[in-house]
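**Student:** Here is the input, now give the coordinates:
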Amino acid sequence: MGEYKSSIYNIEITEKQGWALVYNSFSGAVAWFEEQYMDAVLHDDMTLIKENGLFQPMLEKGFIIGEGVDQWALANYERFRAIFREDPENVTFIIAPSMKCNYHCLYCFENTDAPKNTMSEIAWEHTIAYIKKFVDNHSNLRDVYISWFGGEPTLQIENILKYSKQLQDYIQKRGVHYQARIITNGSLLTKDVAWQMANECNVQAAQITLDGLGELYAKKKGTTSENFYRTIQNIKDACDLFRIIIRINIDRDNVQEIENLLALLLDESGLNGKILVDFAMIQNWNDEEEIKNTCLTESEYITFIKDIHRTALVRGWGDSFMQKLPRRHIVSCGMLHVNNCVIGPDEKLYRCSHMLNREGWEIGNLQDGLLHNGTDLRFLLDSADKRCRTCKAFPVCGGGCIANRLIHNKSQPICREYIDWIRENVLFALKCKNQGNN
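**Tutor:** Here you go, the predicted structure:
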């Protein structure tokens, strides 16, 4: 038997009466250990582990590894192998039919002077031709994923219906699976539109943003409280047709009314277990003073997550919470694969949706394809911060959002708070499981 050591990605979650709960961020395994064995793992004491029959299960779950294994190097090898796979089994295209929107969210990264253009008929035809050509040129392809984005994509519902049909028929005849999702504010996602999306466009999921109850919703989105209640009805009508993910962006303005918002959605509207909710911190993408003053700190956000998890457990909402047990991300963003791209209404290709219509951030066009120019390579070859080398959260965090660093000049994630977030979500996942939630 060779030499072994403890994984650098073991995170002690909590201690309880002589036991320690440990999560490995590389393998995703979670286990309770008697305290003496946890000490042995943390200090590379393999003798005690081998003497008590724990060696093999701990090796299989990734809590201990071979002496010669460099997990940091392995994580980076797997990252670049995934990014630069030229003959993929799956590909994702984010398509923005229009940059126009019927709302004006205060914090939206699209609040710039960039033009709010819409795809012409020629641009639509070029978009479909580009994807068809990609399918034809990649014999190993098994899945094509389309994400409708904007602006507000439902403003272009007729074109989405028309061109989805063409694209689906072509792809499916070649034995490739086709699936779509939509990111929308939900105000125009009526019962009829949702039915068409599900049955004619093969939309399997919709992400809809709700940032508060009626009055605050209207303020944050530049609309009316009537649209809030209309969106709630649309969610109720659509949830049996495809998966609904409610994105709730958190800041100081709305943090106190999130419990009431969830009560309205999950209890009063009868959506508990029928929809998923997910949370994110509002970020000041455009350096607006008004937004800056409302943003939470990372530690404040973790406090919110802990509070809302406690509430969810008490009120039986666990089935509707999307983020539970953290999982490893080989790459920090799904668009960090050499073949994936964002297709703008201007017929230009982008690496990230935050680049749309930003001059100088295009990485190709529908006629010439992906050029892998300097802008693209800045994303694909981006090196993680030097702090990542010793950070136990790296397999889950992946080094953070590259767009934050390259486009928005935002700093890296705060590692200590991120590890606190991991600890909280591991505990929440186990408590939900004990309650009988999935």
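**Student:** Poorly predicted segments of the chain, please.
**Tutor:** Confidence mapping of the chain against pLDDT under 70 gives the ranges 1-2, 112-114, 285-287, 410-413, 437-438.
**Student:** go with 50
**Tutor:** 1 (pLDDT under 50).
**Student:** how about the residue in it sticking out farthest from the centre, phi and psi?
**Tutor:** In the chain, counting by Cα atoms, centre = their mean, E51 sits farthest out from the average C-alpha position, at 42.6 Å. The phi/psi pair for E51 (degrees, to the nearest 10) reads phi -70, psi -20.
**Student:** which helix is the longest one in the protein?
**Tutor:** helix 415-435 (DSSP state H).
**Student:** Tell me which other helices or strands that one touches.
**Tutor:** Under the contact criterion of 3 or more Cβ pairs under 8 Å, 6 or more residues apart in numbering; DSSP states H and E, helix 415-435 touches strand 10-16, strand 19-24, strand 30-34, helix 298-315, helix 394-397. C-betas here are computed from N, CA, C, even on glycine.
**Student:** got a list of contacts for the second one?
**Tutor:** I take that to be strand 19-24. 7, 9-15, 29-35, 38, 41, 61-63, 326, 422-423, 426-427, 430 (Cβ atoms under 8 Å, 6 or more residues apart in numbering).
**Student:** try the third one
**Tutor:** Defining contact as Cβ under 8 Å, 6+ apart, one finds that strand 30-34 is touched by 13, 18-24, 41, 61, 63, 325, 426, 429-430.
**Student:** So how do I select the buried members of those in ChimeraX?
**Tutor:** Applying 16 or more other Cβ atoms under 10 Å to the contacts of strand 30-34 leaves a buried subset, and the ChimeraX line that selects it is:
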select :13,20,21,22,23,24,41,61,63,325,426,429,430
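**Student:** Farthest pair within the contacts of strand 30-34?
**Tutor:** G18 and L325 (24.2 Å; Cβ to Cβ).
**Student:** ok so, going back, JSON lines for the helices and strands packed on helix 415-435, including distance to V69?
**Tutor:** Shown next, in JSON lines, are the helices and strands packed on helix 415-435 (distance: least, Cβ to Cβ, whole Å):
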{"stretch": "strand 10-16", "distance to V69": "14"}
{"stretch": "strand 19-24", "distance to V69": "13"}
{"stretch": "strand 30-34", "distance to V69": "19"}
{"stretch": "helix 298-315", "distance to V69": "31"}
{"stretch": "helix 394-397", "distance to V69": "14"}
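**Student:** and of these, who's closest to E110?
**Tutor:** Across those (criterion: Cβ to Cβ), the nearest stretch is helix 298-315, sitting at 23.0 Å.
**Student:** quick one: the helix or strand following that closest one to chain centroid distance?
**Tutor:** Downstream of helix 298-315, the first helix or strand assigned by DSSP states H and E is strand 341-343. Relative to the chain's own centre, strand 341-343 is displaced by 17 Å; criterion: Cα atoms, centre = their mean, to the nearest Å.
**Student:** what lines up beside strand 341-343 in the sheet?
**Tutor:** strand 90-95 (parallel), strand 348-350 (antiparallel) (DSSP bridges).
**Student:** Can I get stretch 208-217 in CSV? Just the C-alpha atoms.
**Tutor:** The C-alpha coordinates for stretch 208-217 follow below in CSV (Å, rounded to 0.1, in the frame of the first residue of the first chain):
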residue,chain,number,x,y,z
ILE,A,208,-38.1,34.8,-13.3
THR,A,209,-36.8,37.6,-11.0
LEU,A,210,-38.9,38.8,-8.0
ASP,A,211,-37.2,41.3,-5.7
GLY,A,212,-39.9,42.1,-3.3
LEU,A,213,-43.7,42.6,-2.8
GLY,A,214,-45.8,44.8,-5.0
GLU,A,215,-44.7,48.3,-4.1
LEU,A,216,-41.0,47.6,-3.8
TYR,A,217,-41.1,45.4,-6.9
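**Student:** buried stuff in it?
**Tutor:** Applying 16+ other Cβ under 10 Å to stretch 208-217 flags 208-214, 216-217 as buried.
**Student:** gap between the two ends of stretch 204-214?
**Tutor:** Criterion Cα to Cα, to the nearest Å; first-to-last residue distance in stretch 204-214 is 27 Å.
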